[in-house]
Structure formats: structure tokens, C-alpha cells
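Visitor: Here's my sequence, what's the structure:
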Amino acid sequence: MEITLRKVTDKNYQAISDLSVDQSQNLWVAPNSKTLLQAAYEPELNVMAIYQEENPVGLLLYDYDTDMGGWTLSRFMIDKHHQHKGIGRIALNKFNIPQKNYTRAQRLTTCPLKLYMSNLVLKRKRNFLT
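Guide: Below is the predicted model:
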């Protein structure tokens, strides 16, 4: 299974926008259309599509948070039809935070807590998704 991170472009944004999580996860994950819209108008936000082979299966959004003084992974999602297959873990392992300037998260209270903590050490000086 080949997992890659790619730019979101005019050729793939609709397919990325159509991805969704299970209804039970909607409270924790913003719709991809909202994430893509924000990234289009907020230049400090960076969005990447997650692909399995040639199929988009998720996305991640990261940015440099000046208040925290480091890079943060703000959003991460894998489509409901592709969860529980190890894709998220592989994608996070392939994701390179642009700087080595990060420390342990103080508190994460999301569904993929174990996945985040087992793959990334995030810089947080305040609560994350409380």
C-alpha cells in the first residue's frame, strides 16, 4: 500500500472536498470544504492531500503558530471508508513538520489521540480540541 502526501490543486480539490468522516466523528473534524476554503484565503495555512495509490483518502492542515512559536498540525482526517487500515499512521509518519521546534502536547482529547501521540510530538501551550 503506497501512501503519499500531495498538494491540493485545481485537479483534485473536489475529490478532497468530497471526503468525509463517520457521522460520529463530525464533532471533531471540520468538513474538508471548510478546510480547503480557509487554506485558500489564509496564506499561513498549508494543506496536503493524503493519497492511497492514486486515490485521495484524507487531508491534513498545518501552520506556524506564532503564539506558540512552532508548527502545529491543525487538522487531520482519513475518509470513513479508509479508516482502520493503517493509512493515518503511515501518512503521519511521512509528514515532516517543517522545523524541529516542537515539544510535547499538554492535552489532546480527540478520538485519534493514540494515533497522534504515537506518531507526532506536537507543540502546545494550551489545550488542543477541548
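
Visitor: how deep is residue 62 tucked in, by neighbour count?
Guide: Residue 62: 19 surrounding residues under other Cβ atoms under 10 Å. In short, each C-beta sits where N, CA and C put it, glycine included.

Visitor: Show me what the lengthiest strand in the chain is packed against.
Guide: In the chain, with assignment by DSSP state E, the single longest strand is strand 55-65. Packed against strand 55-65 by the contact rule (3 or more Cβ pairs under 8 Å, 6 or more residues apart in numbering; DSSP states H and E) you find helix 13-18, helix 32-41, strand 45-52, strand 70-78, helix 87-94.

Visitor: Make JSON lines out of the ones you listed and add mean neighbour count and mean pLDDT.
Guide: As requested, these are arranged in JSON lines below (neighbours: other Cβ atoms under 10 Å; pLDDT from 0 to 100):
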{"stretch": "helix 13-18", "mean neighbour count": "16", "mean pLDDT": "97"}
{"stretch": "helix 32-41", "mean neighbour count": "16", "mean pLDDT": "95"}
{"stretch": "strand 45-52", "mean neighbour count": "21", "mean pLDDT": "96"}
{"stretch": "strand 70-78", "mean neighbour count": "21", "mean pLDDT": "87"}
{"stretch": "helix 87-94", "mean neighbour count": "18", "mean pLDDT": "90"}
